[in-house]
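Novice: pasting the structure only:
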């Protein structure tokens, strides 16, 4: 009887240690939060560069600059989704329910929805990058043509992966019924359209 209680105490201790190990992820999310500052610095530098050269730049150069700003913004939004959802799913709940600026989606995105939102954001970022490459296309050389072809292939892989993930999630029945799965899939499509 004493042996069983000692084994049980060891088991409980191990389980508590494993459960506490989730806090090792907290510095990762904090590092991602710091990387938002790096992204902000790059955004401000690009905005300043765009504003300074606005009168001397051609229309396509301005559009390319704006696409860069959109790309950086989408990347920042993706980081926020990963930080908040990842922290809440894997580390601890954030208790800011009484805060007026708390996003409605916060605390409602499970791991499956997080994967869909991440992949749809990656598709949107990839689309912006591809558009930037097409906008900056000058002389078409065989090397440039091959590079663009691979970019299109990679983008199509992202799009197909996103659709397949949404379909597999819907087939698996994650979420709260078919309406939730349809809304999640709709979010993925809406985000990728941006």
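Specialist: On my side now, so go ahead. Just so we're clear, the structure is a prediction, and the values are computed from it rather than from any experiment.

Novice: what's the model's confidence in stretch 157-167, averaged?
Specialist: For stretch 157-167, the mean per-residue pLDDT is 85.

Novice: quick one: residue 117 from residue 80, how far?
Specialist: Between residue 117 and residue 80 the distance is 11 Å, computed by CB to CB, to the nearest Å. Any C-beta I mention is one placed from the backbone N, CA and C, and that applies to glycine too.

Novice: Comparing those two, which residue is more hemmed in?
Specialist: Shown here are residue 117 and residue 80; by other CB atoms under 10 Å, residue 117 has more neighbours (21 against 14).

Novice: Which secondary structure element is home to the more buried one?
Specialist: According to DSSP states H and E, residue 117 maps onto helix 111-135.

Novice: same question, residue 56
Specialist: Here residue 56 is assigned to no helix or strand, by DSSP H and E.

Novice: Let me see the domain layout of the chain.
Specialist: Taking automatic domain parsing as the reference, the chain has its domains at 8-109, 110-194.

Novice: most tightly surrounded among those?
Specialist: Highest mean neighbour count of those: domain 110-194, a mean of 15 (counted as mean count of other CB atoms under 10 Å).

Novice: Assess the claim that residue 135 and residue 61 are in contact.
Specialist: No. Between residue 135 and residue 61 there is no contact under CB atoms under 8 Å: 9.1 Å.

Novice: what mean pLDDT would you report for stretch 87-98?
Specialist: In this model, stretch 87-98 has an average pLDDT of 74.

Novice: Apologies, that question was intended for stretch 140-151.
Specialist: Rounded mean pLDDT across stretch 140-151 is 82.

Novice: just use 14 as the starting number from now, easier for me
Specialist: Sure, I'll start counting at 14 from here, so that last one is stretch 153-164.

Novice: low-scoring stretches of the chain, by residue?
Specialist: The model of the chain has pLDDT under 70 over residues 14-15, 109-124, 187-207.
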